[in-house]
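Student: below are the sequence and a predicted model for it; my questions follow.
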Amino acid sequence: MAGKDEEYDYLFKVVLIGDSGVGKSNLLSRFTRNEFNLESKSTIGVEFATKSIQTENKVIKAQIWDTAGQERYRAITSAYYRGAVGALLVYDISKHITFENVERWLKELRDHAEANIVVMLVGNKCDLRHLRTVSVEEATEFAEKNKLAFIETSALDASGVDTAFQRILTEIYRLMNKKQMSAGGSSPTPALGQGETIALSSGATDKAGSRSKTACSGCRT
């Protein structure tokens, strides 16, 4: 029998990208299971988990994919991005090199994903603020330049994690709804069936993230 979590209006695929060790797997486990593992091992290949949220009177089921950040797993790239309508681009605020590599990850995303995929820049491990090497201002400037939403999170103490996923899923839903309204003129198109997977086709009038370029930080002090 289907459980409550399986009753949903839309299914959105969201991918986690960024260097190995930035905390992608723990962001996934914190959001979907409210768990954190200090001994978390590097992801081998691809893992995914699901969780449903409610936004604007709709139940959105997120299928969140986590992949290894190591170069040797890059062969799975095309399949990983296929069908994704959202991406969390994660770096570690205490390791500047992981922020420097964000530009490369963003280029890969643009090369392989839908042109209008919704992207959020995530500065993780903000509980390590005493070891910070990436300032909020530096990350905000990059996010605004590339029209990305921005938030800081801590998978360890859960700061900003739910907010990050809630914001990106809501933005995807609003973008999809806006496209449906445009396609149908002044009246919205009929609602999609329960559990139907949504793909935001390329050629949208808005660039990804253009509605969410204002930075915010779940851990700003």
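Tutor: Structure's in. What do you need? Because the structure is predicted, anything quoted here is derived from the model rather than measured.
Student: relative to L109, how far out is F150?
Tutor: F150 is 15 Å from L109, where distance means C-beta to C-beta, to the nearest Å. All C-beta atoms are positioned from the backbone trio N, CA, C, and that covers glycine.
Student: the two: which is more packed in?
Tutor: Neighbour count, other C-beta atoms under 10 Å: between F150 and L109, F150 has more, with 25 against 20.
Student: tell me the spacing between the more buried one and G23.
Tutor: Computed as C-beta to C-beta, the F150 to G23 distance reads 16 Å.
Student: helices and strands around the longest helix along the chain, which ones?
Tutor: In the chain, taking DSSP state H as the definition, the longest helix is helix 161-183. Under the contact criterion of 3 or more C-beta pairs under 8 Å, 6 or more residues apart in numbering; DSSP states H and E, helix 161-183 touches strand 10-17, helix 24-33, strand 46-55, strand 58-67, strand 86-92, strand 118-124, strand 149-152.
Student: for that helix, the distance to its chain's centre please.
Tutor: Taking C-alpha atoms, centre = their mean, to the nearest Å, one finds helix 161-183 lying 12 Å from the centre of the chain it belongs to.
Student: with just CA atoms, put it into PDB.
Tutor: C-alpha atoms of helix 161-183 as PDB (Å, rounded to 0.1, in the frame of the first residue of the first chain):
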ATOM      1  CA  VAL A 161      19.500  22.700   5.000                       C
ATOM      2  CA  ASP A 162      15.800  22.500   4.900                       C
ATOM      3  CA  THR A 163      15.600  26.200   3.700                       C
ATOM      4  CA  ALA A 164      18.000  25.400   0.800                       C
ATOM      5  CA  PHE A 165      15.900  22.500  -0.500                       C
ATOM      6  CA  GLN A 166      12.600  24.300   0.100                       C
ATOM      7  CA  ARG A 167      13.800  27.300  -1.800                       C
ATOM      8  CA  ILE A 168      15.100  25.500  -4.800                       C
ATOM      9  CA  LEU A 169      12.000  23.200  -5.100                       C
ATOM     10  CA  THR A 170       9.700  26.200  -4.800                       C
ATOM     11  CA  GLU A 171      11.600  28.000  -7.400                       C
ATOM     12  CA  ILE A 172      11.400  25.000  -9.800                       C
ATOM     13  CA  TYR A 173       7.700  24.800  -9.200                       C
ATOM     14  CA  ARG A 174       7.100  28.500  -9.900                       C
ATOM     15  CA  LEU A 175       9.200  28.400 -13.000                       C
ATOM     16  CA  MET A 176       7.300  25.400 -14.300                       C
ATOM     17  CA  ASN A 177       4.000  27.000 -13.400                       C
ATOM     18  CA  LYS A 178       5.000  30.200 -15.200                       C
ATOM     19  CA  LYS A 179       5.800  28.200 -18.300                       C
ATOM     20  CA  GLN A 180       2.500  26.400 -18.200                       C
ATOM     21  CA  MET A 181       0.700  29.800 -17.800                       C
ATOM     22  CA  SER A 182       2.600  31.200 -20.800                       C
ATOM     23  CA  ALA A 183       1.900  28.100 -22.900                       C
END
